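**Q** here's a sequence, model it:
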Amino acid sequence: MIAACFGVDPVSPKASTHFIGFDFAQAFTDKMKGRLPGLGLNIMWIAGFSYYMDKIGASKALVKACVRPLSAIRSPYVLLAVTYVIGQFMALFINSAVGLGLLLMASIYPLLIALGVSKTSAAAVIGSTCCLDLGPSSSNAMRAADLLNTDVVTYFVQNQIPVAVCVIAVVAVGHFFVQRWFDRRDAAAGAAEAAGPAEKRDVSKAFEGAGPGWYAVLPMVPLVLLIVFSPMVYKGVKLSLQTAIILSILLAFVVDLVTHRQVKEAILRTKSVFEGMGKVFTSTVSLICCAELFALGMTKVGGITTMIQAAASMESAGVWLMLLVMIAIMVIATLVTGSGNAAFFAFSPLLPEAAASVGMNAAVLAVPVQLSAGIARTMCPIAGVTIAVSSIAGISPFQLVRRTIPVMVLALITNIAASAVFL
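**A** As a prediction, the model looks like this:
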């Protein structure tokens, strides 16, 4: 509306309703039309698959399989570091930060407390296990792949993995030293935390409803299919993400039917696919469309374009300034909204223009900016995963983010450096 006051139309002449009052609604209609058939449906299918995996107990089976080796580690801070690495791996298949956080709080958290880790340190590590939005199931990764005109599997393998490996190593080591330092400081100040009744619960209860051990493979099926039938491995078969998800659901249904031999119950459990699709539409897809409408307005007003042009005019320094400006915008937007998805979808349309203005490879800008959204979410006290994990641990969200911010600052620095080296 502000842009319209200065004579900038909300939509293009071809899409105009010929009445500016209706054109504002038309702009949102255009965003919904552009998102729902492609990226929006991808996100909804992924969410439906995740809900189905949870319904049949496959998600808990995966967590149970990954958690079991951790019980052999006796050093509490080594266990913290390894917990983060395993949690980040599980995030490839359990794409809900809140859902994974709750599973880990029910399973790994009591083990960490039993080994003498403070509840704040344990919660901080668990709250940061999804700090990197990685893999084909990440909506931010799908959007970044679109911007780079590549498929999401290629983007994941060639662009995300080299940077992510460096960031994961730094975050794991960072948690080891940062959480140990905080615990020692609190102990010296007489603020050592004692494990309460909630921390002494039976860990086995966390896995009630988990499927048989072989169910742990089911959440991994879509990723395996997408990698095998991608341009990098086998070009003879073209497999879209949506088709891979549908095939994986059908396979899981057959496995569930053969395992339990209850036809009616197995069929009823598949309803969770569509329930999950509906829930993620209201919570994520609609938010993405609103964020993109906001970005459209910001672009038409011209403020961010002015910043991009200013960075582009600084010749050799412009490349680095552009990268820092875009990451700063992403971090601030995520901290304010509590959502890495909303922030990235709002400002990601600016990335190709920003990269071209300084003669920069678009991947060098897109990858660190995309990953920084998830990193910033881990520093935000109003993020859903922060609130969920801190409430279970019995601490305030601000206590949790005080432990995550130093580690995430290291992650941001590593993210930028690794992108400059590998991309």
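**Q** so C380, which state does it fall into?
**A** Using DSSP: H, G, I helix; E, B strand; the rest coil, the structure places C380 in coil.
**Q** ok, it touching G338?
**A** Yes. Using Cβ atoms under 8 Å, C380 makes contact with G338 at a distance of 5.1 Å. (Each C-beta comes from the backbone N, C-alpha and C, glycine too.)
**Q** shared neighbours of the two, anything?
**A** Overlap between the contact sets of C380 and G338, as judged by Cβ atoms under 8 Å, 6 or more residues apart in numbering, is nil.
**Q** comparing these two, which residue is more hemmed in?
**A** C380 (25 against 18; other Cβ atoms under 10 Å).
**Q** what does the pLDDT read for that one?
**A** pLDDT for C380: 90.
**Q** and for D202?
**A** Reported pLDDT for D202: 53.
**Q** now L36
**A** pLDDT, read off for L36, is 80.
**Q** quick one: name whatever helix or strand follows the longest helix along the chain.
**A** Taking DSSP state H as the criterion, the chain has its longest helix at helix 161-188. Remark: after helix 161-188, the chain's next helix or strand is helix 221-228, criterion DSSP states H and E.
**Q** ok, then the element right after that following helix?
**A** helix 241-260.
**Q** if we can go back for a sec, counting contacts, what elements does the longest helix of the chain pack onto?
**A** Where contact means 3 or more Cβ pairs under 8 Å, 6 or more residues apart in numbering; DSSP states H and E, helix 161-188 is packed against helix 76-90, helix 119-127, helix 362-377, helix 397-422.
**Q** tilt between the third one and helix 397-422?
**A** Direction vectors for helix 362-377 and helix 397-422, defined by axes from the mean of the first three to the mean of the last three Cα atoms, to 10 degrees, enclose an angle of 170 degrees.
**Q** helices and strands around helix 362-377, which ones?
**A** Secondary-structure packing of helix 362-377 (3+ Cβ pairs under 8 Å, 6+ apart): helix 139-147, helix 161-188, helix 316-337, helix 340-347, helix 351-357, helix 397-422.
**Q** quickly compare the ones you listed and say which is most buried.
**A** Each of the helices and strands packed on helix 362-377 was scored by mean neighbour count; the highest is helix 340-347, a mean of 26, by mean count of other Cβ atoms under 10 Å.
**Q** so what secondary structure elements neighbour that one?
**A** Under the contact criterion of 3+ Cβ pairs under 8 Å, 6+ apart, helix 340-347 touches helix 139-147, helix 286-301, helix 316-337, helix 362-377.
**Q** tell me which helix or strand comes right after the first one.
**A** Next helix or strand after helix 139-147 toward the C-terminus (DSSP H and E): helix 152-154.
**Q** contacts for that next one?
**A** Here helix 152-154 has contacts from 136, 141-142, 145, 226-227, 230-232, 241, using Cβ under 8 Å, 6+ apart.
**Q** least trustworthy helix or strand in this structure by mean pLDDT?
**A** Averaged element by element with mean pLDDT, DSSP states H and E, the chain has its least confident helix or strand at helix 303-312 (a mean of 64).
**Q** re earlier: for the helices and strands packed on helix 340-347, which one sits closest to G116?
**A** helix 362-377 (28.2 Å; Cβ to Cβ).
**Q** which of the residues in that closest one are buried?
**A** Under the neighbour-count criterion of 16 or more other Cβ atoms under 10 Å, helix 362-377 has 362-377 buried.
**Q** can you name the two of these that sit furthest apart?
**A** Greatest spacing in the buried residues of helix 362-377, by Cβ to Cβ: A362 and R377 (23.1 Å).
**Q** before I go, just wanted to say thanks for your time.
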